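Enquirer: Below: sequence and its predicted model.
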Amino acid sequence: MEDTFRYADEFGPARIIHIYRPSLALKAIVVVDNTACGAAVGGIRMAPDVSVDECFRLARAMTWKNAAAGLPHGGGKSVIFGDPRMAPAAKEQLIRGFADAIRDIADYIPGPDMGTDERCMAWVREEAGRAIGLPSVVGGIPLDEIGATGFGLAACVDVAREFIGLDLHGARVAVQGFGAVGKHAARFLAEKGAILVAASDTNGTLVDASGLDVGRLIALKQSGQSLRDYDKGTKLASDAILDVDCDIWIPAARPDVVRADNVSRLRTRLMPQGANIPCTAEAEQALHARGILVVPDFIANAGGVICAATEYRGGTQRNAFDYIDERIRDNTRAVLEESRRDKTLPRAAGFALAERRVRSAMQMKRWR
Ligand code: NAD
């Protein structure tokens, strides 16, 4: 038998629960990592090859992410073994069975992750009595539709720019990955006076130093077309976005897109990270050495998780935007001030902030 105590350290995990229901062929794992800041929030991942190891690492990442975001939530995660593309009726049955099994794990609040979506969350809430990332008809806030993460990125940029003396009015923005995060970040920054000079998707990069029309690009994508179908600007290969001369370069596509072998191509002053881990550790260090200000993913892209926490409390879209604005501004300022004072990478300052919050919440608990 695996020794699951091998994960145990001073922060957790508080519980690792294996769930097995033979009649449904349901095999799942829930990790409640640390609940000092509040009930653990974390998604349900469905994949054929998930493991207790993956589940623990994701739960721990949620502990830091939620604390860094300043939310009254700890970290947790769950995994269901199975192919998420199975027949819809079988998937509903499996997820409902899982949700029923976690009903009494009251300090774990599930949300969507790879292989599950808002519809699955409606089933989970019906069976377990709680879930976030719900469809709007049952109280959910559609975070990708309203651009919660992009809105948070724009708030982050508005604070970070002070640290490099950048005026947002006329600031040149390049966005890698014009999807749910990237297009809304461009939209909210344009509202603050910035100019989108380049955007990319899997089909290529579109560049126009005189400025792209963000609204038209969003409409183009919504109609199923790609950035290449825009009638103006220069069309280049997808990775040409790396070479664009700009003030703000937003990664909003995939992990590890900026690496030691291509980091020298970036010509920007600020990188608020929309995507999760868009830079390798080496590349992030190199950017820092060149004086390019990087605001790490878990600080800059926390808009989505803050929105979900608002939904859980029955808040509205307007409440969510207010909360995102306040939390991301405060966190960005705290992290960048600490990084400047201690001469550390912003990522290290962000981790230190999250760890301090968790430690201090743990001090107030009777059982820890
Ligand atoms: P999405 O699928 O809506 O958009 C991704 C976009 O990136 C697409 O337009 C796609 O064409 C493009 N893309 C993919 N590979 C590319 C490449 N190599 N070069 C250029 N463009 C490429 O996804 P999303 O929800 O916007 O998420 C983007 C990233 O942000 C992911 O890393 C995700 O984990 C992270 N993130 C998302 C949220 C959220 O609220 N959606 C929150 C936090 C972090």
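Expert: Looks like it arrived, so ask away.

Enquirer: Phi and psi next, for the most centrally placed residue in the chain.
Expert: Nearest to the mean C-alpha position of the chain, counting by C-alpha atoms, centre = their mean, stands residue 301 at 5.0 Å. For residue 301, the backbone dihedrals (degrees, to the nearest 10) come out as phi -100, psi 20.

Enquirer: you'd agree it is up against residue 273?
Expert: Yes - using C-beta atoms under 8 Å, residue 301 is in contact with residue 273, at 6.3 Å. The way it works is simple: take the backbone N, C-alpha and C, and place the C-beta from them, glycine included.

Enquirer: Pull the contacting residues for the residue nearest to the centre of the chain.
Expert: Neighbour list for residue 301: 149, 152, 153, 181, 273, 274, 275, 276 [criterion: C-beta atoms under 8 Å, 6 or more residues apart in numbering].

Enquirer: What's the PyMOL line that selects buried ones from those?
Expert: Remark: buried members of the contacts of residue 301, expressed as a PyMOL selection using 16 or more other C-beta atoms under 10 Å:
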select buried, resi 149+152+153+181+273+274+275
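
Enquirer: Mark which of the contacts of residue 301 are part of helices, please.
Expert: 149, 152, 153, 181 (DSSP state H).

Enquirer: Rebuild the residues you listed as CSV, extending it with distance to residue 54 and pLDDT.
Expert: What follows is those, written out as CSV (distance: C-beta to C-beta, whole Å; pLDDT from 0 to 100):
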residue, distance to residue 54, pLDDT
149, 23, 96
152, 26, 98
153, 27, 98
181, 23, 96
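
Enquirer: Apart from its neighbours in sequence, what residue is nearest the residue in the chain that the ligand sits nearest to?
Expert: Relative to the ligand, the nearest point of the chain is residue 179 (1.7 Å; C-beta to the nearest ligand atom). Leaving aside its chain neighbours, residue 179 sits nearest to residue 252 (6.6 Å; criterion: C-beta to C-beta, 6 or more residues apart in numbering).

Enquirer: What backbone torsions are found at the one you found?
Expert: phi -140, psi 40.

Enquirer: Which of the helices or strands spans residue 119?
Expert: When elements are assigned from DSSP states H and E, residue 119 belongs to helix 118-128.

Enquirer: do residue 350 as well
Expert: Assigned by DSSP H and E, residue 350 belongs to helix 346-363.
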